[in-house]
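# Need coordinates for the following:
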Amino acid sequence: MKKRILFTMYAMEIGGIERSLINMLESFDYDSYEVDLLIFCHTGEFMGMIPDQVNVLPESRSYAAIRKPLRDCLRQRLIKAAFVRGAAKVAANVRARRL
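Numbers count the residues shown, from 1 in each chain. Here you go, the predicted model:
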């Protein structure tokens, strides 16, 4: 039975983490491991370098909203993502004031 591994990345832009991920994915023994890659925003120069054995999970607009400003989330009608991010920001501010 293969062991399952999941990696997550925001995007595959040019950077050290992305390059390291590609190098690691190229060295896996895919007979022993099943590798899934969740990329929040399917952009970047390294997208084409992902090995064929890696299962790239479908992009979700909600996940791509993680790095977008709240204003952009609202413009793109990602209401749930904007609400959750706004609530988390308020909670973090309240907690920071207590300290």
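# Next, report how far the longest helix seen in the chain is displaced from the centre of its chain.
Assignment by DSSP state H gives helix 79-98 as the longest helix of the chain. Put simply, helix 79-98 sits 20 Å off its chain's centre (CA atoms, centre = their mean, to the nearest Å).
# List the contacts of that helix.
Contacting residues not belonging to helix 79-98 are listed as 62, 65-66, 70, 73-74 [CB atoms under 8 Å, 6 or more residues apart in numbering]. (Glycine included, C-beta is placed from N, CA and C.)
# Now do the buried residues in it.
Of the residues in helix 79-98, 81-82, 85 count as buried by neighbour count, 16 or more other CB atoms under 10 Å.
# And stretch 4-16, by the same measure?
Going by neighbour count (16+ other CB under 10 Å), the buried part of stretch 4-16 is 9-12.
# One more: stretch 14-24?
For stretch 14-24, burial by neighbour count (16+ other CB under 10 Å) applies to 18, 21-22.
# Of these, which belong to helices?
The helices, defined by DSSP H, take in 18, 21-22 from the buried residues of stretch 14-24.
# now the residues you listed in TSV, with pLDDT and distance to Arg97?
TSV is the format used below for those (pLDDT from 0 to 100; distance: CB to CB, whole Å):
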residue	pLDDT	distance to Arg97
Glu18	95	37
Leu21	96	38
Ile22	96	42
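# now, which of these sits nearest Pro51?
Distance to Pro51 across those (CB to CB) is lowest for Ile22, with 8.2 Å.
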